[in-house]
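> sequence and predicted structure are below.
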Amino acid sequence: MGFGDNKKMPYPFSLSDYVNYVKDRLDKMGVKKPCVIAHSFGARIAVKLAGSHPDFFDKIVLVGAAGLKPRFSIKRRAKRLTFKILKLFVKRERLKRFYSKDYLSLSPVMRESFKKIISEDLSSSAKKVANKTLIVVGDRDKETPVYMAKRYYKLIKNSTLLVFKGAGHFAFIDMPDKFNREAKEFLL
């Protein structure tokens, strides 16, 4: 919902809405115990779904997995504090420099959905994931850095962590042969 050729969202979705949507679609198609490869936002859905429905998936591959609270540098914290103070006194249109390009490109409904989703920390869901899980991250990933993958690795009991040297957020594109080989070996 809200991506690609899918119809527009009728209201701002939460992560739980996406989880329910994916689960319902797979249930309607009769898919049982699928293995899943989930990247970034898709990893959020997979982690929350696996945490709330432990028998839904077989094996899980998380790539550039989002969903854990990021570390903030002093500079970033100062920027956030400045924004919070300024938004009390200044119209939002004048604060565009504080918003990411991704956020500014979204429709109003998607912006609300985005805010709901990125504010949810999946640590408690990750602790409940019992599936055999492969966590892949590029050492140059700036969106979901290696420290996040290491936190997922500690939270998900039955997990393996692979750090691809020289890869970024799209490790499966940066190193397709290596990714395909590792994912195939893990899934089979």
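Right, received. Where do you want to start?

> ranges for the strands of the chain?
Remark: strands assigned in the chain by DSSP state E are 36-39, 60-63, 133-138, 159-164.

> ok, the residue nearest to E120 when sequence neighbours are not counted - contacts?
Using CB to CB, 6 or more residues apart in numbering and skipping residues adjacent in sequence, the residue nearest E120 is L15, 5.3 Å away. Glycine gets a C-beta too; all of them are placed from N, C-alpha and C. Counting by CB atoms under 8 Å, 6 or more residues apart in numbering, L15 touches 44-45, 48, 116-117, 120.

> so of the residues you listed, which ones are in helices?
44-45, 48, 116-117 (DSSP state H).

> of the residues you listed, buried ones?
Among the ones in helices among the contacts of L15, the ones that count as buried by 16 or more other CB atoms under 10 Å are 44-45, 48, 117.

> lowest-confidence one in these?
Of all these, I117 has the smallest pLDDT value, namely 89.

> that one contacts I45, doesn't it?
No: applying CB atoms under 8 Å as the test, I117 and I45 come out as separate, 9.6 Å apart.

> what's the overlap in contacts for those two?
Common neighbours of I117 and I45 (CB under 8 Å, 6+ apart) are 15, 18.

> for F41, which non-adjacent residue is spatially closest?
A66 (6.0 Å).

> what's around that neighbour, how many residues?
Around A66 there are 21 other residues, counting by other CB atoms under 10 Å.

> quick one, what contacts it?
Contacts of A66 (CB under 8 Å, 6+ apart): 40-41, 43-44, 143-144, 148.
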